[in-house]
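Visitor: heads up, no residue letters with this:
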């Protein structure tokens, strides 16, 4: 019978509780501001999952002026027992079309989640860095080679696909079915095609119409190089 692993010292648990309280306090202050004053340095939050201090859900608002604007993205966060000496493990739960995030698994290519992590950093720092990465993709250092290839070779198609995925996967709780149909038809999709396909298949449908690069590549990329942290 497996023995449960230690879940960190009281001091480390106290740090996590303080980090969580700080994140939630800042988010409440952000929510209380007029929408016109919101900036991309806010719009991140987190909560504990199932009463386990080492398992969180992270939330990121899509940055303004990007294909992810208006989207609300959920991340799974697993915090190791030796945090903050080792980084949290983070991945996207919400599907997203971005070269540095796997469109299949949600894995993230970001240096501070790996070898550039420091005990001085926090989970909020990591969430803000991921949010900054949404606004500044690096297709030359991909987590998803298919998305990176599209971004490099056909940037308008990349933007349109990223917007579609945001509409389809990151706005489900906010928009009604009719809102989605209207927005997708405004993007140029035929209404009959939008209505007959389940929401989870729309991204695949759109990509197939553009001759998916995956049929040429036959594989998905990994994070090849170190990525510099955004300040």
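Guide: It's in. No experiment lies behind these values; they were computed from the predicted model shown.
Visitor: neighbours around residue 114, how many?
Guide: 13 (other CB atoms under 10 Å). Bear in mind the C-beta positions are built from the backbone N, C-alpha and C, glycine included.
Visitor: Strands of the protein, start to end?
Guide: For the chain, the strands defined by DSSP state E cover 44-49, 52-61, 72-78, 89-92.
Visitor: which helices and strands sit right next to the first one?
Guide: Read it as strand 44-49. helix 10-32, strand 52-61, helix 123-135 (3 or more CB pairs under 8 Å, 6 or more residues apart in numbering; DSSP states H and E).
Visitor: Below-threshold pLDDT in the chain: ranges please.
Guide: Residues of the chain meeting the criterion pLDDT under 70: 1-8, 30, 33-42, 172-181, 183-184, 187-231.
Visitor: so residue 62 touches residue 94, yeah?
Guide: No - with contact defined as CB atoms under 8 Å, residue 62 does not count as touching residue 94 (10.0 Å).
Visitor: Give me the common contacts of the two.
Guide: 71, 72, 73, 170 (CB atoms under 8 Å, 6 or more residues apart in numbering).
Visitor: with those in mind, which one is nearest to residue 58?
Guide: Comparing the shared contacts of residue 62 and residue 94 against residue 58 with CB to CB places residue 73 closest, at 8.5 Å.
Visitor: Any idea what that closest one is bridged to?
Guide: Beta-bridge partners recorded for residue 73 (DSSP bridges): residue 60.
Visitor: ok, it - contacts?
Guide: Contacts of residue 73 by CB under 8 Å, 6+ apart are 59, 60, 61, 62, 92, 94, 96, 170.
Visitor: of the residues you listed, closest to residue 44?
Guide: Proximity to residue 44 was ranked across these by CB to CB; first place goes to residue 60, at 5.4 Å.
Visitor: List the contacts of the closest one.
Guide: Contacts of residue 60 (CB under 8 Å, 6+ apart): 43, 44, 72, 73, 75, 127, 130, 131, 134.
Visitor: Go ahead and confirm the fifth one touches residue 131.
Guide: No - Residue 75 is not in contact with residue 131 according to CB under 8 Å; the separation is 10.4 Å.
Visitor: Is it possible to get the helices and strands packed on strand 44-49 out as a markdown table so that each row also shows distance to residue 166?
Guide: A markdown table is the format used below for these (distance: least, CB to CB, whole Å):
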| stretch | distance to residue 166 |
| --- | --- |
| helix 10-32 | 20 |
| strand 52-61 | 11 |
| helix 123-135 | 10 |
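Visitor: Tell me which of these sits most buried.
Guide: Counting by mean count of other CB atoms under 10 Å, helix 123-135 has the highest mean neighbour count of these, with a mean of 20.
Visitor: Which secondary structure elements does that one sit against?
Guide: Using 3+ CB pairs under 8 Å, 6+ apart: helix 123-135 touches helix 10-32, strand 44-49, strand 52-61, strand 72-78.
Visitor: So what are the sheet partners of the shortest one and their directions?
Guide: Meaning strand 44-49. strand 52-61 (antiparallel).
Visitor: ok and the strand it pairs with relative to helix 123-135, angle-wise?
Guide: Angle of strand 52-61 versus helix 123-135, following axes from the mean of the first three to the mean of the last three CA atoms, to 10 degrees, is 30 degrees.
Visitor: So that it lines up with my notes, have the first residue be 19 from now on.
Guide: New numbering, starting at 19: the last item is strand 70-79.
Visitor: All good on my end, thank you.
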